[in-house]
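**Q** when you get a sec, could you give me coordinates for this:
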Amino acid sequence: MSDNEEEKKIADGEEPAPAEDGKKPENADGEAKNAPAGDESDNDKSDKKPDNDKKPDNDASRKLISALGYIIWILFFLPLVAYPNDAEAKRRANEQLNMLIIGVAGNVLFGVLTAILAGGPAGLIFFLLVALFDVAMLALGVVGIVYTVTDKDTPLPVVSAFSLIK
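**A** The predicted structure follows:
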């Protein structure tokens, strides 16, 4: 292949064909074509290990993983899986598990009472109690997220009263 054909392929965005000896074609300066000046050779790149096998340990990922459980309670186990030996992660996972248990139990209890007493004024009262309970649980979740993001080491009220995760 002639130099003009190679230059046209490069201009069109195609990779040039390798030279017959298996090396990349070189330009007039002796550098490999399509390689920015100062780049390492292919042999140097093969010695490096990819960075994608590292576990994310930075502060932002820790906060995100901890905050997810306050939004979606069923994800309470995420801090335990990501940081199994971290006391703060265990405390946050415990709070999230407690919120899950209290939230499900409270909604079932108030839902059953509302269904039993439907039609009367007591049914309306229990319906309003369900709404108030859910708003309170949402507020606890928001407080937990704020504590997580601001690195406040304060346990959440009510849900930190008992510890299921040791």
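**Q** next secondary structure element downstream of the one helix or strand in the chain whose mean pLDDT sits lowest?
**A** Ranked by mean pLDDT, DSSP states H and E, the weakest helix or strand in the chain is helix 42-46, scoring a mean of 48. Scanning forward in sequence from helix 42-46 by DSSP states H and E, the next helix or strand is helix 59-71.
**Q** can you pull the buried residues of that next one?
**A** 62, 65-70 (16 or more other Cβ atoms under 10 Å). (Each C-beta comes from the backbone N, C-alpha and C, glycine too.)
**Q** run through who's touching that helix.
**A** The contact list for helix 59-71 (Cβ atoms under 8 Å, 6 or more residues apart in numbering) reads 75-79, 82-83, 88-89, 92-93, 95-96, 99, 141-142, 144-145, 148-149.
**Q** list only buried entries from those residues.
**A** 75-76, 78-79, 82-83, 89, 92-93, 95-96, 99, 141, 144-145, 148.
**Q** tell me which two of these sit farthest apart.
**A** Spanning the widest gap among the buried ones among the contacts of helix 59-71 are Tyr83 and Gly141, at 20.1 Å by Cβ to Cβ.
**Q** please report how far Ala115 lies from Asn94.
**A** 32 Å (Cβ to Cβ, to the nearest Å).
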